[in-house]
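Student: Predicted model and sequence below, questions to follow.
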Amino acid sequence: MRNPRATPEKSRKRHLALRNRASGLAIALLLFVFVLYIATLAKLAI
């Protein structure tokens, strides 16, 4: 349910904050997967 008191500026800021957080989580997940991939390759190479 939408907040009737929310201004367009607040809605825009909230949307940008959610998008930035989602982008940050996606980057963190990709880095984690990359580290696991490198660790697996290193372990298999030994």
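Tutor: Structure's in. What do you need?
Student: tell me which element the spatially most central residue of the chain falls in.
Tutor: Against the mean C-alpha coordinate of the chain, by CA atoms, centre = their mean, the closest residue is Leu25 at 2.1 Å. Assigned by DSSP states H and E, Leu25 belongs to helix 8-45.
Student: so where's this structure shaky on pLDDT?
Tutor: Along the chain, segments meeting pLDDT under 70 span 1-6, 46.
Student: Apply 50 and report the result again.
Tutor: The model of the chain has no residue with pLDDT under 50.
Student: residues near Arg14, how many?
Tutor: By the criterion of other CB atoms under 10 Å, Arg14 has 12 neighbours. For the C-beta atoms, the positions are set from N, CA and C on the backbone; glycine is no exception.
Student: With Pro8 instead?
Tutor: Counted with other CB under 10 Å, Pro8 comes out at 7.
Student: Would you check how far apart it and Leu44 are?
Tutor: 54 Å (CB to CB, to the nearest Å).
Student: ok, now Thr7?
Tutor: Applying CB to CB to Thr7 and Leu44 gives a distance of 55 Å.
Student: And for Leu31?
Tutor: The gap separating Leu31 from Leu44 is 21 Å, by CB to CB.
Student: Which of the two has more residues huddled nearby?
Tutor: With neighbours defined as other CB under 10 Å, Leu31 and Leu44 compare such that Leu31 has more, 10 against 7.
Student: hang on, the earlier thing: the residue nearest to the centre of the chain and Thr7: what is the separation?
Tutor: Per CB to CB, Leu25 is found 27 Å from Thr7.
Student: now swap in Thr40 and tell me
Tutor: In this view, Thr40 and Thr7 are 49 Å apart by CB to CB.
Student: do Ile38 as well
Tutor: Taking CB to CB as the measure, Ile38 falls 46 Å from Thr7.
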